[in-house]
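**Q** coordinates for the following, if possible.
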Amino acid sequence: MSSSAAKASVNPDDGSADNIHNTLSSSSSSTNNNENAIILSLYLIQSEEDILHPSDKSNVHERANLYKRLCEACLIANKTLRSASSSTTQPFQAGGDGPIFGVHCNVDNDDLLSRNEFDADELWQSQGMDEQSKDDDDDDADNQISTSKLAVDTFQQPHLRAIFRYGNDINDMWRCISLMLQITTDLANANLSCAVECWDLNDGHILLIEAAEHLPSWVDDDVLQGGVGGPEGTHNRCWIVDGKVHLIPPTNKSKRDSSLMKNKKVDLLSRREALIELVDAFHKDPDDSSTLAPTSVQRSIEHRINRTDYWNNSDESRVNTSNSHWHVAAVALPASVAYFIQKHPSLVPLIIDSFCENAPKYLKQRKRKRKKTQEATSVGTVATDEQTPSMQQQGSNQRDALGNLFPFEQVVTIPITMTRANYAELVTGRGIVPAFPVPREYRSVELKRFHRQLGQTALGRLDNDDKNRNPFERAVDVGVRLCAGLEWIVACSEQIDKAISDCKDDVHLNSLGDVERRLRLFWTRIDAEASVDFIQHDCEEDETNHWIERAWQAGPMNSNHHLQCDKMLLSALESMSKCRVFNPELSKSSQEEPCPITKPRMSLRGMTQAGMKNALKWQREEYDESHFPIPKLCQLDSDAWMEIKSMEALEEEMKNLSSETAKTDTNKPE
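**A** Got it, this is the predicted structure:
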């Protein structure tokens, strides 16, 4: 039986599960190549039975038991993630629901990890490449063959995988890492001990980079001196286990093989060897594990996480706006948009992203149109007659994108809480759009009158201190930018939605329900990947390779007497039916599925259209002026912190922030 046939037992020649992922990946790759993201890989290490051995891959019961335990771990881990998302009004700066775990197996062609080239690891490497002798070039060439395989580990071990796209605020990434500390502790208490690897898509070993000054000497020591040879040798050695950071040191086995290491610069550790080391070390003496990182390493990670603690300790459901991480802005919006944002606060960062990406194109088209109009006026011709059809269509599409989703009327002012990073991005257009004129579709006498009214709202209540700027001063500008970003989400996301629609148009996939698709396509592929070594070396058909299909056909109560199935396998199948598979169910971009927990299988464009439809209905039927009273000054923040008068002032402000951070770290209890 071929491995390709095992990937889709429902239709061996179809490959529908892979087609979904490939289609969606190609549609989003152009927009997500450079985004900041952290990849979380969770492996069970309760016992050696949690690690598949090549000789055990033909044992279907071993695999089924592992799948059931992974599903139990996934349920607990995602419960913690859901709690973190639902306990705050705006859980993550990047928007959406945040990370969620799903089952994963094949990392042989994992493009998420293979894109990293270890550039950032050299940030903490004590010996640079320039210091190496030219006489070692031949040895380095041989060693490069081995180290080039670091990014792709061919060990096929089923595990849990999540990806978290944290955007431009690194605090989100560290909050996610703090959740991993909590999840590993929760799972250990449930007899599901696990090890989590945190791998940044751009920086690689993010925990090692943060703790660079406190790493043990063996990290940089040569192999013959008992070290691992630098950053490349630390691959698969840094894990989070039971709420602590663990570093797997060079073992005696490596030293005994020193004759083989004589010409090697790096002591490589495979993923399977690393997991076995963790199982052995953790269960010999959990309180004094040989892999436990030094106290200084633990403390440096804890201090970094504590700097992201911007929530009220007394009430986690409320944002601590007194912290400098947050900004409460007055925003002037149509009543329908205000209602939409209050119902979907986690989408505000994605609306800001939409504005920052599309505003430069809009202004460029607007400038080109005005120039064409001026030229046409000077020569006495009509501008549209000189434009090519493609130019007319391109300009028309962008102009028609504004003013179609909602009418810019019944303007109200509401307070919106966002991070300072989000607010600065919105107001400056990420430094590209400092000025954004009100689009023609939004202009009205009502808006001008409302703008003047806001300008006078705080008059007489503010003193002459520069820090007490009128918090309503930018309300209209911020509201216009958010409205434009909201409309561009609908207008400019058609390509991604079309890719999703094309996948849904597959007749074969449409014939399967959600659970049936997950089991008979996605889980069947996972099982084929987990047993790939057995399949490749076994030329004969084996019915155990079809166990998921047989269990599905047998039914939950073995109702099909012609296809009786082991009760243990049926129990595993029941757990698997409730556990999502990372690829393709959870590997989508924030455009394709921003809220997989609260709004599964809904794209950002779909959420926006449905939400605004409800908001417009509410505005027509229920809205009155009492719904949105003008915020009080005490409810808003001044944005004077954005005003930097010179580069010298900016440098001074950065020094002050650095000194405050260093002082905070020094005062932390050991």
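
**Q** C-alpha only now, for contacts and for neighbours.
**A** Fine.

**Q** my guess is residue 166 contacts residue 96, does it?
**A** No - counting by C-alpha atoms under 8 Å, residue 166 stays clear of residue 96, with 10.3 Å between them.

**Q** neighbour count winner among the two?
**A** Taking neighbours as other C-alpha atoms under 10 Å, residue 166 and residue 96 compare with residue 96 leading, 28 against 22.

**Q** quick one: pLDDT of that one?
**A** Residue 96 is assigned a pLDDT of 83 by the prediction.

**Q** how many other residues sit next to the residue nearest to residue 66 when sequence neighbours are not counted?
**A** In this structure, residue 66 finds its nearest non-sequential neighbour in residue 50, 6.1 Å apart by C-alpha to C-alpha, 6 or more residues apart in numbering. Residue 50 sits with 26 neighbouring residues when counted by other C-alpha under 10 Å.

**Q** what secondary structure does residue 106 sit in?
**A** The three-state assignment at residue 106 reads coil, by DSSP: H, G, I helix; E, B strand; the rest coil.

**Q** tell me the contacts of it?
**A** 154-158, 526, 529-530 (C-alpha atoms under 8 Å, 6 or more residues apart in numbering).

**Q** same list, those, but as TSV with secondary structure, pLDDT and neighbour count please.
**A** Shown next, in TSV, are the contacts of residue 106 (DSSP: H, G, I helix; E, B strand; the rest coil; pLDDT from 0 to 100; neighbours: other C-alpha atoms under 10 Å):
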residue	secondary structure	pLDDT	neighbour count
154	coil	63	16
155	coil	73	18
156	coil	86	23
157	coil	92	22
158	coil	95	25
526	helix	94	24
529	helix	90	24
530	helix	89	23
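
**Q** isn't the residue nearest to residue 66 right up against residue 44?
**A** Yes - with contact defined as C-alpha under 8 Å, residue 50 counts as touching residue 44 (5.9 Å).

**Q** touching, residue 484 and residue 406? I think so.
**A** No - using C-alpha under 8 Å, residue 484 makes no contact with residue 406, being 10.8 Å away.

**Q** compare those two (neighbour count), which wins?
**A** Using other C-alpha under 10 Å, the more surrounded residue of residue 484 and residue 406 is residue 484, with 22 against 17.

**Q** would you confirm that that one belongs to a strand?
**A** No - Residue 484: not assigned to a strand; according to three-state DSSP it is helix.

**Q** mind listing the strands for the protein?
**A** Secondary structure of the chain, counting by DSSP state E: strands at 37-44, 102-104, 159-165, 194-200, 204-205, 238-241, 244-247, 326-334, 411-419.

**Q** of those, which approaches residue 343 most closely?
**A** Proximity to residue 343 (C-alpha to C-alpha) singles out strand 411-419 among the strands of the chain, at 11.8 Å.

**Q** which residues touch the closest one?
**A** Contacts to strand 411-419, defined as C-alpha under 8 Å, 6+ apart, come from residues 90, 93, 325-335, 338, 348-349, 446-447, 450, 475, 628-631, 635-636.

**Q** ok, residue 570 - how many residues close by?
**A** Neighbours of residue 570 under the rule other C-alpha under 10 Å: 22.

**Q** hmm, it is touching residue 553, no?
**A** No - Residue 570 lies out of contact with residue 553 (C-alpha under 8 Å); the separation is 10.6 Å.

**Q** sorry, back to before: and the furthest pair within the contacts of residue 106?
**A** 154 and 526 (14.4 Å).

**Q** about what we covered before: for residue 513, find the nearest of the strands of the chain.
**A** Nearest of the strands of the chain to residue 513, taken as C-alpha to C-alpha: strand 102-104 at 18.6 Å.

**Q** now that closest one: average pLDDT?
**A** The pLDDT scores in strand 102-104 average 96.

**Q** show me what that strand is in contact with.
**A** Contacts of strand 102-104 (C-alpha under 8 Å, 6+ apart): 70-71, 74, 158-162, 526, 579-583, 585-586.

**Q** now do the longest helix seen in the chain against strand 411-419, angle only.
**A** If you go by DSSP state H, the chain has its longest helix at helix 348-379. For helix 348-379 against strand 411-419, the angle by axes from the mean of the first three to the mean of the last three C-alpha atoms, to 10 degrees is 120 degrees.
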